[in-house]
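Q: 3D, please:
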Amino acid sequence: MGEDKALLPFGGYATLAEYQYRRVSPLFKHTCISTKTDKFPFKATLVFDSKMRQTHAPTSGLIAVFKTLEEDAFFALGVDTPFVDESVIKKLVEAYEKEEADAIIAKSPNGIHPMCGIYTRKMLPRLEEMVANNQHRLGYLLKLSNTLFVNFQTDEPFFNLNYPEEYRTALKKSR
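A: Predicted structure coming up:
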């Protein structure tokens, strides 16, 4: 993207991070943001991941969440997928409540979405081992684990903002 996408304005909010935080907060008992620094211009519960400042990989962030929270599982959503809506989240939560798995992850025609899913504490030892071995690919983690992939018929909710043109497209879609 060329800049910190979490700090880009979106959906009537000063930042994409605040947009995501405000819209998912009503769906969960606790909502927090995993971050390396306190960079947000709004009040939110933050979980600091200071171990891996040089990488943007989510593995150490997931570890920080497990080390900070007492819950046995949490829902993870990347800041750069602003169209994952309540229906997607509810479908994943319903699968978590019905099935026994280490992770419940969204899957659409374009593939899996590791930063849209539920991770259980069973994943923590594997995550720590991966980080120790400088392995940060969540797809690798999910292959090693008892992962349930929940199928979605369309890719639209998982539209990802990685490039400036994708951000501009998302701004138009959000109006």
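Q: just checking, what packs against the longest strand anywhere in the chain?
A: Ordering each strand of the chain by length in residues (DSSP state E) puts strand 111-120 first. The contact analysis (3 or more Cβ pairs under 8 Å, 6 or more residues apart in numbering; DSSP states H and E) places strand 111-120 against strand 73-77, helix 86-98, strand 103-108, helix 138-144. (C-beta placed from N, C-alpha, C; glycine too.)
Q: Geometric centre of the chain: which residue is closest?
A: Nearest to the mean C-alpha position of the chain, by Cα atoms, centre = their mean, lies Leu77 at 2.4 Å.
Q: Deepest-packed of the helices and strands packed on strand 111-120, please.
A: Mean neighbour count (mean count of other Cβ atoms under 10 Å) peaks for strand 103-108 among the helices and strands packed on strand 111-120, with a mean of 22.
Q: Let me see the mean pLDDT of it.
A: Across strand 103-108, the average pLDDT comes to 98.
Q: ok, Cys32 - contacts?
A: Applying Cβ atoms under 8 Å, 6 or more residues apart in numbering to Cys32 gives the contacts 44-47, 65, 68-69.
Q: which of those are buried?
A: Buried residues within these, counting neighbours by 16 or more other Cβ atoms under 10 Å: 46-47, 65.
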